[in-house]
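>>> got a sequence here, can you model it:
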Amino acid sequence: MKRYYQTEEDVGLFQRLQRDDQQAFEEIYYRYFLKLSNTAFKRLQNREVTEEIVQELFVNLWLKRHRFPELKNPESYLQTLLRNAVIDWFRSQTRQGTLAAEWLAQPDYQIANATEQQIFYADLQSAYESTVGQLPDKCRQVYRLHQQGQSVAEIAEQLHIAPKTVESHLLKAHTTLRHLLKDYSAVTVALFNWLLV
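Below you'll find the predicted structure:
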């Protein structure tokens, strides 16, 4: 594949993408497909599912290119999209019960381990969402914007508050959420810590 924008910075690439530049999209794909795939595989441990999720992420990136916000940190935005896609996949598998057949094909100790991890994950996700919902309004708003990939400076500008205030809200949110981790397994904690990045 001929690469037209090898020296273009990410911000410029996304601006070109918003103007329907297919070569810019291909360069973004070239730069980030492997990185996002490696990140997703660490969580999913399934190459087929990993490829499907990352491919769908890029399809949606192209389809929604006119609707995503102005980005100062495109890589953070992509990682947020990936994190949300992985969470959605876990939720869908839990609802559909489709993980059961895979577990039954594994040795007993792997079935028990996978089942336990899935239960812990579901419990933790529920506790996480409940705790986020109980954060003070401004704190929750700041945290949600940060999870969507916005920087401290961007959030401060959007909400008309000082950057230090944004950092204080984020610290409070992370401290409150991490307090949940003391009751959960190391595997689930590792996944949840990734969600908080």
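
>>> quick one: least confident helix or strand in the protein?
Least confident helix or strand of the chain, by mean pLDDT, DSSP states H and E, is helix 99-104 with a mean of 45.

>>> burial of the residue nearest to Thr39 when sequence neighbours are not counted, as a residue count?
Spatial nearest neighbour of Thr39, excluding adjacent residues (C-beta to C-beta, 6 or more residues apart in numbering): Leu82 at 6.3 Å. To be clear about C-beta, it is placed using only N, CA and C from the backbone, and glycine gets the same treatment. By other C-beta atoms under 10 Å, 20 other residues sit near Leu82.

>>> how about Arg16?
So Arg16, with other C-beta under 10 Å, has 20 neighbours.

>>> same check on Val86?
Neighbours of Val86 using other C-beta under 10 Å come to 23.

>>> one more: the one 3 residues further on?
Using other C-beta under 10 Å, Trp89 has 19 other residues around it.

>>> how about His66?
Neighbours of His66 using other C-beta under 10 Å come to 9.

>>> please renumber so the chain begins at 39
Sounds good: first residue 39 from here, last item His104.

>>> next, it: phi, psi?
When read as degrees, to the nearest 10, the backbone of His104 gives phi -90, psi -10.

>>> wait, doesn't it sit right on Gln56?
Yes: His104 lies in contact with Gln56 (C-beta atoms under 8 Å); the separation is 6.2 Å.

>>> how does this protein divide into domains?
39-134, 144-235 (automatic domain parsing).

>>> mind putting these into CSV with mean pLDDT?
Formatted as CSV, the domains of the chain follow (pLDDT from 0 to 100):
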stretch, mean pLDDT
domain 39-134, 85
domain 144-235, 70
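
>>> which element is the residue most central in space within the chain on?
With distances taken as C-alpha atoms, centre = their mean, the residue of the chain nearest its centroid is Arg121 (1.7 Å). Arg121 belongs to helix 112-134 when assigned by DSSP states H and E.

>>> how about Tyr43?
Short version, using DSSP H and E: Tyr43 is in no helix or strand.

>>> now it, nearest residue through space, not along the chain?
Per C-beta to C-beta, 6+ apart, closest to Tyr43 is Glu65, 4.5 Å.
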